[in-house]
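Novice: Next comes the sequence, and after it the predicted model I'd like to discuss.
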Amino acid sequence: GAVVSQHPSWVICKSGTSVKIECRSLDFQATTMFWYRQFPKQSLMLMATSNEGSKATYEQGVEKDKFLINHASLTLSTLTVTSAHPEDSSFYICSARDLAGGDGANVLTFGAGSRLTVL
Amino acid sequence: GQNIDQPTEMTATEGAIVQINCTYQTSGFNGLFWYQQHAGEAPTFLSYNVLDGLEEKGRFSSFLSRSKGYSYLLLKELQMKDSASYLCAVRDGDYKLSFGAGTTVTVRA
């Protein structure tokens, strides 16, 4: 089945620094990937849609200059949290859809998530 | 916008059946999904409904009524490992998923 790899799983950084999170589709090509954020005991909130070869589409209220998204290839999207602050501490999860798959075409596969802690 | 409601918590006994309801009001509909999420982990896909009716996959079944904006996930023969959060999610025409707040199911021996 479709597999999405996300790295790093855990990251701790100082306030003011930038953190990059990678999302890779391992055995399929993904022209579109989605980035979600989840605060403790809350549900997933869509942050942005990452489109290969073009600009990401951000949801209302998400600062595009703070959360930089790059989708440079059909298998890799990156999310960079710039000038991170403690309130950015959260669980960030990416997902992708396998266009070539059968049931996979209808199902989003999620990465394992990246837990960011900003001190 | 999307408005998806599901109960916050449910508790059941091992071997029992639990039904998690989900109601939704959305600006676009292209399928309803149920995901399971254990604490600190990513969601895993359980079921998908795009047409009205019941979809059965082993111990898990999901039902959809589009006219009522209603779905449920049925968990049968509950096991301890089923203790998790269950997320109802609605997909729009752009393949974006909007999630409900999740229902935490606790299975007791």
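Specialist: Ah, there it is. Numbering: from 1, shown residues only, chains lettered A, B, ... in the order given.
Novice: hey, let's count contacts and neighbours off CA atoms from now on
Specialist: Will do.
Novice: ok, residue B:74 to chain A distance?
Specialist: 20 Å (Cα to the nearest Cα, to the nearest Å).
Novice: Same question for residue B:10.
Specialist: Distance from residue B:10 to chain A, counting by Cα to the nearest Cα: 15 Å.
Novice: Would you mind stating the distance between that residue and residue B:45?
Specialist: Separation of residue B:10 from residue B:45 (Cα to Cα, to the nearest Å) stands at 20 Å.
Novice: show me what contacts the nearest residue to residue B:39 once chain neighbours are set aside?
Specialist: Nearest residue to residue B:39, sequence neighbours excluded (Cα to Cα, 6 or more residues apart in numbering or on different chains): residue B:84, at 7.1 Å. When contacts are counted by Cα atoms under 8 Å, 6 or more residues apart in numbering or on different chains, residue B:84 touches B:36-39, B:104-106.
Novice: again with residue A:54
Specialist: Residue A:54 neighbours (Cα under 8 Å, 6+ apart): residue A:71.
Novice: looking at this, it is in a strand?
Specialist: No: the assignment for residue A:54, made by DSSP: H, G, I helix; E, B strand; the rest coil, is coil rather than a strand.
Novice: Show me what the residue nearest to residue B:39 is bridged to.
Specialist: residue B:105 (DSSP bridges).
Novice: For it, give me the pLDDT.
Specialist: At residue B:84, the model reports a pLDDT of 97.
Novice: Next: residue B:41.
Specialist: Reported pLDDT for residue B:41: 86.
Novice: one step back: measure the residue nearest to residue B:39 to chain A for me?
Specialist: On the measure of Cα to the nearest Cα, residue B:84 and chain A end up 12 Å apart.
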